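1. Below is the sequence, then the predicted model.
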Amino acid sequence: MTRPAEMARPAGTPRPVPVTAQWTALWLAGVFGLVLLGAFVAFPGFLPPMSPRMSAAQVAAFYRDDTAMIRFSMILFDICGVMLVPFAMVIAVQMKRMATPTTVLAYCYLSAAASGATLFALADLLWLAAAFRPARDPQLILLVNDLAWMVFTAPVGTVVVQNLCLALAVRLDAGPRPVFPRWVAPFSVVTGLAMVPAAGGAVVTSGPLAWDGAVSFWLRIAAYGVFFAGMFCVLPGAIRRQAAEEAA
Amino acid sequence: MSGAAAARTAADASGGRRRGGAVDLWICWWVLPVFYVLFGLIFVLLARVIPPPRPDRSPEEVAAFFHDHAATIRIGFAALMVVIGFTGVANGLVAHQMKRMAVSPVFAYAYIAALAVGALPGCLMAAFCFLAAVFRPGRDPHVLALLYDIGLLTFVGSLGCFTTQYLVLALAILLDRRRIFPTWMAYVCVWQIVTELLAAPVFVFKDGPLAWDGSISFYMGTVIFGIYEVCIIVLLFKAVRDQPPGEPVQD
């Protein structure tokens, strides 16, 4: 596969500025990442996370007593959660620049990222529905609360596969100037695999694998945060090198 | 798989670019049979949605169903939460071959988009409903019956994403002059569309051949889906094997 930098281009040909959109997407991710961090802190059920062992009456009381902050934080998630998709697409665009045998992994990454967005978009809606009528039958509020936490916690496969695809692409990037530093491959695998046990959040109600547990809640969110921060530091270099190569 | 092909695969897996297919394509290809075996184990043996339980059950019978199968539903659908991600790899590999076809990549992108969305209504909704049903004891049987209905109706009756997938794949194959996939595969896709249409009555009937566990709505569709899967895995194998190294692929 011919890399863009290796393609002959007549001198003086006007060309588009392909990296402006990537810088913009990165800024969007930075801003909305901070907004989501704020929403995370604002949700009364995250610090500490609600226990799956709460009774229906306790869960109903939670939605009745903290309705305003639940709505505020989850509407923020609703609006801003999927705003992280452009960030994933910057990674996909950079994967397509890699000197891998084909670009297939970039499209696998894109597909998994889009599936993951559907799930990210769903969990906050369930929390908002649970808070919509606090006078509803507590058993039904408990059910919607269970569903919200499951959708938020358990379906980790899309992110895991994204990270594995990224790691494999970095590993196979055989160009003289790799798009991402080599350490991104093990970094991506480790942060991806750290999220796998959170699938247990949909089945157990106590211990580290429960949705409020050290592994399913804290380790998963920390792994996602560390991965996001790591890529946020690595991507500007990759975009700068792309701009330099394409200007050459 | 022939011995020579296996040797090539092994050589590719050891790294580097060699003749007889690119290593990234081979890795993606291997995900497919592994994924579909796991998928089958999860849905047939563990989660008990294939073959589907009957739609004409009383809430008490539904409660008994969830009680009896709680352990395997938990194991199966918790595994699905991780395994489902690998559909992205399958989508990417098929889309890559569609982009090699002598046809606009609109169909390849439509294929990815339809299936990236389809994972939730077609597969994960059922998992969430069943997992919520067995998550804690003591739920009202009428609530369990609602989760049972939503789970199975979305699993068997989620039609549009997959109809779109088969339609764009069939059109791409028919319009492709390079014959990346043989023309007959387009007609296998058309049969898949027919099975999706024949699953539409599951929203109306609670027993008989057109119910969600019926011979037409479910079994015929499942048999044809099995044939489709075997065909696409074999054709992808050939396409990956025959793709010349360094072949330019449209963006």
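-> Received the coordinates, thanks. Residues are numbered from 1 along each chain as shown, chains lettered A, B, ... in the order given.
2. Only C-alpha atoms from now on, for both contacts and neighbour counts.
-> Will do.
3. Helices along the chain, start to end?
-> Since you didn't name a chain, this refers to chain A. Counting by DSSP state H, one finds helices in chain A at the ranges A:20-42, A:56-65, A:67-80, A:85-97, A:104-132, A:138-153, A:157-172, A:184-195, A:220-247.
4. Correction: the question concerned chain B.
-> Going by DSSP H, chain B shows helices at B:3-13, B:23-40, B:59-68, B:70-83, B:87-100, B:106-119, B:125-135, B:141-157, B:160-175, B:183-198, B:221-242.
5. Output those in CSV, with distance to chain A, mean neighbour count and mean pLDDT appended to each entry.
-> Below are the helices of chain B laid out as CSV (distance: least, Cα to the nearest Cα, whole Å; neighbours: other Cα atoms under 10 Å in any protein chain shown; pLDDT from 0 to 100):
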stretch, distance to chain A, mean neighbour count, mean pLDDT
helix B:3-13, 11, 14, 36
helix B:23-40, 7, 18, 93
helix B:59-68, 14, 17, 95
helix B:70-83, 4, 22, 94
helix B:87-100, 4, 26, 96
helix B:106-119, 5, 21, 96
helix B:125-135, 6, 24, 96
helix B:141-157, 8, 21, 95
helix B:160-175, 12, 21, 96
helix B:183-198, 21, 19, 96
helix B:221-242, 11, 17, 94
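6. Tell me which of these sits nearest to A:Y109.
-> When the helices of chain B are compared by Cα to Cα, helix B:87-100 sits nearest A:Y109, at 6.9 Å.
7. Please save the CA atoms from the closest one in CSV.
-> Output for helix B:87-100, consisting of C-alpha atoms alone and laid out as CSV, is shown next (Å, rounded to 0.1, in the frame of the first residue of the first chain):
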residue,chain,number,x,y,z
THR,B,87,-18.4,-8.6,15.3
GLY,B,88,-16.5,-5.4,14.6
VAL,B,89,-13.7,-7.5,13.2
ALA,B,90,-16.0,-9.5,11.0
ASN,B,91,-17.6,-6.3,9.7
GLY,B,92,-14.3,-4.8,8.9
LEU,B,93,-13.1,-7.8,7.0
VAL,B,94,-16.2,-8.1,4.9
ALA,B,95,-16.2,-4.4,4.2
HIS,B,96,-12.5,-4.6,3.2
GLN,B,97,-13.4,-7.2,0.6
MET,B,98,-16.3,-5.1,-0.6
LYS,B,99,-14.0,-2.1,-1.0
ARG,B,100,-11.8,-4.3,-3.3
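8. now A:L110, nearest residue through space, not along the chain?
-> A:A92 (6.3 Å; Cα to Cα, 6 or more residues apart in numbering or on different chains).
9. And that neighbour, how far from A:D137?
-> A:A92 sits at a distance of 45 Å from A:D137 (criterion: Cα to Cα, to the nearest Å).
10. Same question for B:A145.
-> Distance of B:A145 to A:D137, given as Cα to Cα: 17 Å.
11. pLDDT value on the spatially closest residue to A:F32 that is not a sequence neighbour, please?
-> Counting by Cα to Cα, 6+ apart, the nearest residue to A:F32 once its immediate chain neighbours are dropped is A:C80, at 6.2 Å. Among the per-residue scores, A:C80 shows a pLDDT of 94.
12. who's in contact with A:C80?
-> Counting by Cα atoms under 8 Å, 6 or more residues apart in numbering or on different chains, A:C80 touches A:32, A:35-36.
13. how about the residues you listed in TSV, adding pLDDT?
-> As requested, those are arranged in TSV below (pLDDT from 0 to 100):
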residue	pLDDT
A:F32	96
A:V35	96
A:L36	95
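14. okay, those in a markdown table with neighbour count next?
-> As requested, those are exported to a markdown table (neighbours: other Cα atoms under 10 Å in any protein chain shown):
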| residue | neighbour count |
| --- | --- |
| A:F32 | 20 |
| A:V35 | 17 |
| A:L36 | 23 |
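15. Got the phi and psi for the nearest residue to B:I73 once chain neighbours are set aside?
-> By the measure of Cα to Cα, 6+ apart, the closest residue to B:I73 outside its immediate chain neighbours is B:A47, 4.2 Å from it. Main-chain dihedrals, B:A47, degrees, to the nearest 10: phi -80, psi -10.
16. I figured B:A47 hits B:L80, correct?
-> No. At 9.7 Å, B:A47 and B:L80 do not qualify as touching, with contact defined as Cα atoms under 8 Å.
17. any weak-confidence spans in chain A?
-> Low-confidence segments of chain A (pLDDT under 70): A:1-17.
18. Would you pull up the residue in the stretch 151-251 of chain B closest to chain A?
-> In the stretch 151-251 of chain B, no residue comes nearer to chain A than B:G246, which is 4.9 Å away by Cα to the nearest Cα.
19. Test my guess that that residue contacts A:T103.
-> No. With contact taken as Cα under 8 Å, B:G246 and A:T103 are classed as non-touching, separated by 10.9 Å.
20. Looking at the two, which one has more neighbours?
-> Neighbours per residue, other Cα atoms under 10 Å in any protein chain shown: of B:G246 and A:T103, the larger number sits with A:T103, 24 against 16.
21. Please tell me how far the closest residue to that one other than its chain neighbours sits from B:L159.
-> Distance criterion Cα to Cα, 6+ apart; nearest residue to A:T103, sequence neighbours excluded, is A:K96 at 5.4 Å. For A:K96, the distance to B:L159 (Cα to Cα) stands at 32 Å.
22. State the number of residues packed around A:P197.
-> 21.
23. For B:C123, give me its contacts.
-> Shown here is B:C123, whose contacts under the criterion Cα under 8 Å, 6+ apart are B:154-155.
24. And for A:T102?
-> By Cα under 8 Å, 6+ apart, the contact list for A:T102 reads A:1, B:22, B:24-25, B:246.
25. same thing with B:L167?
-> By Cα under 8 Å, 6+ apart, B:L167 lies in contact with B:189-190, B:193.
26. ok, these vs B:A239, which is closest?
-> Ranking these by separation from B:A239, with Cα to Cα as the measure, puts B:C189 on top at 17.4 Å.
27. Tell me who's in contact with the closest one.
-> B:166-167, B:169-170, B:228.
28. what's the distance between it and B:T163?
-> With the distance defined as Cα to Cα, B:C189 ends up 9 Å from B:T163.
29. One more: B:C129?
-> When distances are taken as Cα to Cα, B:C129 and B:T163 turn out to be 24 Å apart.
30. again with B:L175
-> Counting by Cα to Cα - B:L175 and B:T163 are separated by 18 Å.
31. Same list as before, the helices of chain A that is, but in TSV and with distance to B:P52 included.
-> Converted to TSV, the helices of chain A look like this (distance: least, Cα to Cα, whole Å):
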stretch	distance to B:P52
helix A:20-42	39
helix A:56-65	31
helix A:67-80	34
helix A:85-97	35
helix A:104-132	25
helix A:138-153	22
helix A:157-172	24
helix A:184-195	31
helix A:220-247	33
